[in-house]
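Q: Take a look and give me a structure for this.
(one chain, ligands or ions: 1)
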Amino acid sequence: MLVVGLQGSPRRKGNSRFLLDTFLKATASFGAETRLVEVDRCNILPCKEYTVCEKKGYCPIDDDMPAEIYGLIRRADVVVAATPVFFYNMSAQLKGLIDRCQTFWARKYRMRWRDPRLKTKKGYLLSVAATRGNNLFDAIHLTMQYFYDAIDADYAGHLTYRGIEGPKDMARHATVGEDVQRAVAGLLSPLADRKRLLIVGPSGTCATQIAAALVRSKAGERFDVRVGANRPGAHVNDHAVKAMAARGWDIAYEVPVATEQAMDQWRPDLVLGVGPAADALPDVGGAIIRWDLSAALPDSLDDATRLCDVIDEKAAVLVH
Ligand SMILES: Cc1cc2nc3c(=O)[nH]c(=O)nc-3n(C[C@H](O)[C@H](O)[C@H](O)COP(=O)(O)O)c2cc1C
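A: Okay, the predicted model is just below:
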């Protein structure tokens, strides 16, 4: 389970950062892997409305969005954004990142490619403001609702605090620790209770990624899925990405990792070996099943489409 925190304040040791750190630490105690994105330190250019994303599904601007952040957002189970209120809205830094997520809006609504984690993907907001007006967070909630919709996440909740101004005000708040614990427990308990399925293959670039996406899309509320590779390839197979896109699933941002890395602080209940029967599987003491598939990567879209068909049937039986 990956939790990605977007730290939207330019203050490096201020209130949003304190809230986000507290939140991420609480998610780690539920077994989540956490990643912090210091948005102010990233190289993120504003959207230039080139509209390439609307026609082709990707953004041509070469900065930290394609280099790292699109992938983190796609692979996250939970995205949590933290921001101070600046003139009744979020920081410009965070808004800049969100505007660039028009790419995900286009992938969803123009290209019709969905995030396979959509059944369980969650978005959360942490925000602070110096004053106490009734409508302080209204604009931020509206933007968050549309941001989380674009990335196929459910806007699951928020913690917002008024009367927070000096950089240490949040740390001195009387109930913040309990507030965060309660929020994180509500958010993560259903995800942490899922059956842990490790899918292992030779390179983690094709059949394993197709299988993971199809299991997530069919039964993500019951299976916490990770992919491990015996010899991780550099990137997901292009034919597999296209064949899955034709079915409406976006696997372009998956990254093959070694099995040991996939199992870091995470023990599967079930191991699924995908590929040649002789390929090694980790001995985790749990149940093991195998799908005996060829290790050869598809060399055409038709090949990849046939592979998706085979895996789709097997995935349906697995999650039944
Ligand atoms: C440019 C700017 C605009 C701000 N606008 C508002 C505002 O509209 N309403 C408000 O209550 N506080 C406003 N504040 C105060 C911040 O929201 C507040 O100090 C917050 O605690 C800062 O959080 P941080 O430490 O995470 O940066 C503003 C602060 C700055 C620097």
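
Q: What number of residues are in the vicinity of the closest residue to the ligand within the stretch 1-150 of the chain?
A: Closest contact between the stretch 1-150 of the chain and the ligand, by CB to the nearest ligand atom, is at residue 14 (2.3 Å). (Glycine included, C-beta is placed from N, CA and C.) Counted with other CB atoms under 10 Å, the neighbours of residue 14 add up to 22.

Q: do residue 3 as well
A: 26.

Q: now residue 299
A: Quick note: residue 299 (other CB under 10 Å) scores 10 neighbours.

Q: returning to what we had before: please give the element, helix or strand, for the nearest residue to the residue of the stretch 1-150 of the chain closest to the ligand once chain neighbours are set aside.
A: Excluding its sequence neighbours, the residue lying closest to residue 14 (CB to CB, 6 or more residues apart in numbering) is residue 167, at 4.3 Å. Assigned by DSSP states H and E, residue 167 belongs to neither a helix nor a strand.

Q: please renumber so the chain begins at 535
A: In the new count, where the first residue is 535, that last one comes out as residue 701.

Q: And residue 701, how close does it get to residue 553?
A: When distance is defined by CB to CB, to the nearest Å, residue 701 is 12 Å away from residue 553.

Q: between these two, who's got more neighbours?
A: Each of residue 701 and residue 553 has its neighbours counted (other CB under 10 Å); residue 553 has more, 29 against 16.

Q: ok, the closest residue to the ligand within the stretch 735-854 of the chain - how many residues close by?
A: The minimum distance from the stretch 735-854 of the chain to the ligand, using CB to the nearest ligand atom, falls at residue 787 (28.7 Å). Residue 787 is flanked by 15 other residues according to other CB under 10 Å.

Q: May I have the phi/psi pair for it?
A: In terms of degrees, to the nearest 10, the main-chain angles of residue 787 are phi -100, psi 10.

Q: Residue 808 belongs to a strand, doesn't it?
A: Yes: checked against DSSP: H, G, I helix; E, B strand; the rest coil, residue 808 lies within a strand.

Q: what bridges to it?
A: residue 825 (DSSP bridges).

Q: does it really touch residue 748, like I thought?
A: No: with contact defined as CB atoms under 8 Å, residue 808 does not reach residue 748; the gap is 11.4 Å.

Q: what touches both of the two?
A: residue 845 (CB atoms under 8 Å, 6 or more residues apart in numbering).

Q: Tell me which residues are up against stretch 551-559.
A: 537, 539, 541, 543, 545, 568, 570, 614, 616, 658, 660, 662, 693, 695, 702, 704-705, 710-711, 714, 717-718.

Q: Please identify the buried residues of it?
A: 551-558 (16 or more other CB atoms under 10 Å).

Q: ok, and of these, which contact the ligand?
A: With the criterion set as CB under 6 Å from any ligand atom, no member of the buried residues of stretch 551-559 is near the ligand.

Q: Quick check: residues of the stretch 635-784 of the chain near the ligand?
A: Counting by CB under 6 Å from any ligand atom, the residues of the stretch 635-784 of the chain that sit close to the ligand are 662-665, 670, 698-699, 701.

Q: what kind of secondary structure is the closest residue to residue 697 other than its chain neighbours in?
A: Of all residues beyond its chain neighbours, the one nearest residue 697 is residue 666 (5.6 Å), with distances taken as CB to CB, 6+ apart. Classification of residue 666 using three-state DSSP returns coil.

Q: Would you mind confirming that residue 666 is in contact with residue 695?
A: No: Residue 666 is beyond contact range of residue 695, at 10.2 Å (criterion: CB under 8 Å).

Q: Can you give me every residue that contacts residue 728?
A: Applying CB under 8 Å, 6+ apart, the residues near residue 728 are 755-758.

Q: Residue 838 is in contact with residue 780, correct?
A: No: with contact defined as CB under 8 Å, residue 780 does not reach residue 838; the gap is 9.2 Å.

Q: Show me which of these two is the more surrounded one.
A: Shown here are residue 780 and residue 838; by other CB under 10 Å, residue 838 has more neighbours (24 against 14).

Q: Quick one: residues contacting the more buried one.
A: With CB under 8 Å, 6+ apart, residue 838 has these contacts: 740, 771, 773-774, 776-777, 832.

Q: for residue 741, same thing?
A: Per CB under 8 Å, 6+ apart, neighbours of residue 741: 735, 774, 808-809, 825, 827, 841, 845.

Q: Tell me how this protein divides into domains.
A: Here the domain assignment for the chain is 536-726, 729-853, based on automatic domain parsing.

Q: Next, the distance between the ends of the last one.
A: The one in question is domain 729-853. 11 Å (CA to CA, to the nearest Å).

Q: can you check stretch 616-623 too?
A: Using CA to CA, the two ends of stretch 616-623 sit 12 Å apart.

Q: In terms of helices and strands, where is residue 616?
A: strand 612-618.

Q: Who are the packing partners of whichever helix or strand comes after that strand?
A: Remark: after strand 612-618, the chain's next helix or strand is helix 626-634, criterion DSSP H and E. If contacts are counted by 3 or more CB pairs under 8 Å, 6 or more residues apart in numbering; DSSP states H and E, helix 626-634 sits against helix 672-684.

Q: Understood, closing this out.
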